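Undergrad: Structure, please.
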Amino acid sequence: MIAAARTWVSAYEKAWASNDEADIRALFADGAAYRTEPWAPAWEGTDAIVAGWLSHRDEPSTYTFSWEISGVDGARVFVEARTVYAATDSDAEREYRNLWVLDLDDDGRARSFTEWYMRRRE
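TA: Presented below is the predicted three-dimensional model:
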């Protein structure tokens, strides 16, 4: 499962950089649920996930991202990550620590994805 998790996160990075609908759709099983934070309503189904993703897209080269698999429990994978958004004319650099909890199916696609994140205090 660790190999499948690494493959999935690498594909997520590719989709994040491309914002390509096919790349995003390939990450998720039919009927998947994607939560941008634990208590947020889920984007349910691949059409809703693609629409939600693209409405919250990050432009390529505006961030750096590093990650590691923190644990696996059956089909559930825990990913710890760090995202740093570059400073812009209107915003200072922002750094986040992320914990992703995802459940993968037998084909390595996510059935569910929940992101827990916290912004670094200045």
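Undergrad: List of residues touching stretch 58-75?
TA: Contact with stretch 58-75 is made by 1-2, 5-6, 9, 13, 16-19, 77-86, 88, 98-99, 103-105, 111, as judged by CB atoms under 8 Å, 6 or more residues apart in numbering. C-beta: built from backbone N, CA, C; applies to glycine.
Undergrad: Please compute how far it lies from its chain's middle.
TA: Stretch 58-75 sits 7 Å away from the centroid of its parent chain (CA atoms, centre = their mean, to the nearest Å).
Undergrad: Please point out which parts of it sit buried.
TA: Neighbour-count burial for stretch 58-75, counted by 16 or more other CB atoms under 10 Å, picks out 63, 65, 67, 69, 75.
Undergrad: What of stretch 3-11?
TA: Quick answer for stretch 3-11 (16+ other CB under 10 Å): 4, 5, 8, 9, 11.
Undergrad: Understood, closing this out.
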